[in-house]
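[1] Starting from these lines, generate the structure:
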Amino acid sequence: MLTAKQHALLMFIHERIKETGVSPSFEEMKAALDLKSKSGIHRLITALEERGFIRRLAHKARALEVVKLPETATVPAGGKKAAPAAPSRGFVPHVIENPSPPSPDPFDGMTELAVLGKIAAGTPIAAIQHEQNRVAVPPSMMRTGEHFALSVEGDSMIDAGIQAGDAVIIQRCDDASNGEIVVALVD
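    All right, here's what the predicted structure looks like:
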């Protein structure tokens, strides 16, 4: 059973993902539900997640996925109602019979990237500077091309899982797709 606000938010998220392929921002959700603060949206999302209607996806901006819709969800004319979610299989343990000994060097196979400065997650700060440090990064976190690291300063990206003090890995490129988080130099 969902409250009216939870139901409204779930349907808003579902429709937005269906239209654009990306879940709405917290600001858009706040405006759609006519709430005064984003903390109300956080509480509603937590409640929907606890009831199994949505899932947060780690390490992605706007990381929400609609898992199921309530039985009373209205279906737009000509639309199809989402199929009920498959029942969860629960925890299935994976036993490793003969584990290999741990690698003597935890940084074996890692790539070192230069930390070139700080990036603002909030108010603007000075542009990328010179190398300040180095950070070891597993190759699986990088694509092809030139990469570097920046230290995050500020808290405006908390909803995307980016905290003040984090080191972020940046791939240098000339363009970005809609919905991607980017670093941009502003004159």
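[2] Quick check: residue 43 vs residue 21, distance?
    26 Å (Cβ to Cβ, to the nearest Å). Heads up, the C-betas are built off the backbone N, CA and C, glycines and all.
[3] Could you give the number of residues near the closest residue to residue 63 other than its chain neighbours?
    Leaving aside its chain neighbours, residue 63 sits nearest to residue 57 (3.9 Å; criterion: Cβ to Cβ, 6 or more residues apart in numbering). Neighbour count for residue 57, taken as other Cβ atoms under 10 Å: 13.
[4] Isn't residue 57 up against residue 66?
    No: using Cβ atoms under 8 Å, residue 57 makes no contact with residue 66, being 11.5 Å away.
[5] Which secondary structure element is home to residue 44?
    helix 38-50 (DSSP states H and E).
[6] that older thread, so which of residue 43 and residue 21 has more stuff around it?
    Taking neighbours as other Cβ under 10 Å, residue 43 and residue 21 compare with residue 43 leading, 13 against 9.
[7] Now do the more buried one against residue 173, distance only.
    For residue 43 relative to residue 173 (Cβ to Cβ), the value is 37 Å.
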